[in-house]
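> Sequence and predicted structure, then a few things I'm wondering about:
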Amino acid sequence: MRVLVTGAARAIGRATVEVLSERGHEVVATARDVRLLAGLPAGRTLPLDVSDPESVRRAVEGAGELDAVVNNAGLTGHGPLESFPLDAFARVLEVNTLGPLRLAQAVVPGWRQRGSGVLVNISSVQGKIGTPLEGAYAASKHALEALSETLYFELGHFGIRVVVIEPGYIAPGMKHEADYPGPPVYADLHAQWSGTVSTLTGPSGRPGPEVVGCAVADALEDPSTPLRVEVGKDAAMVLELRRTLGDTEFEATMREALGLTW
């Protein structure tokens, strides 16, 4: 299977390329700076900025006939929405939500004619819940969840599969595109929230990105994979609570579990 992976320079993207290559897939690894892809076991490396339509067109043409696309490239920013710069917010949506849609629009016509193809979108537990100080990222992943579910229903009868991977907190974590701490009144919230990740992930800490890479490979290889795949114990716990509890109960449970007083 020939698979194009976006955002392959680090963390989840890099691990996904490595796992797919180990399993015998032909991988086209992409990143904005192709020099960061040095050393990856990819059949081909290409520059790709998912926010640039012309860059997407060139990459898809350069990759040749694709069997699957893994939309992993992403941005995040940190800070309260009260003062989060709107241009930075728009940039997060541009990459995390419109980027995957651009790739889908580039490959789906050919897949539809062929009657096969697999689109894997890397979402997050934050695609289902809103978390303090990470509103831009959460909003972009909520939108990606909706976009993916819509594509799932629109494309299934053409033989095209859509899978959403929902990781919890993964080491080493995403690099913030920028930090916007906001007014000083948010200092206590910053301090409290910084300790929640270790509480959520437990004493064993965050799993490494290879667990997501394995989930991606499994999804590509198993036609019975459902629309959504949760990755990590913290994701499973939080998303189960989100499914089964009402808003008030969920908030109270998470506040108690995380020790939040804000």
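Thanks, I have the structure now. Residues are numbered from 1 along each chain as shown.

> in the stretch 51-200 of the chain, which spans are helices?
In the stretch 51-200 of the chain, the segments counted as helices under DSSP state H, counting those that start in this stretch are 53-63, 86-93, 99-114, 135-155, 187-193, 196-201.

> is it possible to export those to a markdown table including mean neighbour count, distance to residue 11 and mean pLDDT?
For the C-beta atoms, the positions are set from N, CA and C on the backbone; glycine is no exception. Listed next are the helices of the stretch 51-200 of the chain as a markdown table, based on neighbours: other Cβ atoms under 10 Å; distance: least, Cβ to Cβ, whole Å; pLDDT from 0 to 100:
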| stretch | mean neighbour count | distance to residue 11 | mean pLDDT |
| --- | --- | --- | --- |
| helix 53-63 | 16 | 20 | 99 |
| helix 86-93 | 15 | 17 | 96 |
| helix 99-114 | 18 | 16 | 99 |
| helix 135-155 | 20 | 15 | 98 |
| helix 187-193 | 14 | 21 | 85 |
| helix 196-201 | 16 | 15 | 64 |
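
> Dump these to JSON lines, plus distance to residue 250.
JSON lines is the format used below for those (distance: least, Cβ to Cβ, whole Å):
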{"stretch": "helix 53-63", "distance to residue 250": "38"}
{"stretch": "helix 86-93", "distance to residue 250": "25"}
{"stretch": "helix 99-114", "distance to residue 250": "27"}
{"stretch": "helix 135-155", "distance to residue 250": "15"}
{"stretch": "helix 187-193", "distance to residue 250": "17"}
{"stretch": "helix 196-201", "distance to residue 250": "14"}
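
> What's the separation between residue 158 and residue 110?
11 Å (Cβ to Cβ, to the nearest Å).

> correct me, but residue 169 touches residue 232?
Yes: using Cβ atoms under 8 Å, residue 169 is in contact with residue 232, at 7.1 Å.

> what's the neighbour count on residue 14?
For residue 14, the count of nearby residues is 24 (other Cβ atoms under 10 Å).

> three-state assignment of it?
helix (DSSP: H, G, I helix; E, B strand; the rest coil).

> how about the nearest residue to it, chain neighbours excluded?
Nearest non-adjacent residue to residue 14, counting by Cβ to Cβ, 6 or more residues apart in numbering: residue 8, 5.9 Å away.

> Is the one you found in a helix, a strand, or coil?
Applying three-state DSSP: residue 8 is coil.

> measure it to residue 33 for me?
The gap separating residue 8 from residue 33 is 11 Å, by Cβ to Cβ.

> between those two, which one's more packed in?
residue 8 (30 against 9).

> Report the contact partners of the more buried one.
14, 16, 17, 29, 30, 31, 37, 40, 42, 45, 72 (Cβ atoms under 8 Å, 6 or more residues apart in numbering).

> Now do the same contact list for residue 147.
Residue 147 neighbours (Cβ under 8 Å, 6+ apart): 97, 100, 101, 121.

> residues near the last one, how many?
Okay, so that is residue 121. Applying other Cβ under 10 Å, I find that residue 121 has 28 neighbouring residues.

> Need phi/psi at residue 232.
Torsion angles at residue 232 (phi, psi; degrees, to the nearest 10) stand at phi 110, psi 140.

> Would you confirm that it contacts residue 171?
No: using Cβ under 8 Å, residue 232 is not in contact with residue 171; the gap is 10.5 Å.

> Mind listing the shared neighbours of these two?
Both residue 232 and residue 171 are in contact with 206, 207, where contact means Cβ under 8 Å, 6+ apart.

> out of the two, which sits in the more crowded spot?
residue 232 (22 against 12).

> ok, and the closest non-adjacent residue to that one?
Nearest one to residue 232, counting by Cβ to Cβ, 6+ apart, is residue 168 at 3.5 Å.

> what pLDDT does the one you found get?
pLDDT for residue 168: 92.
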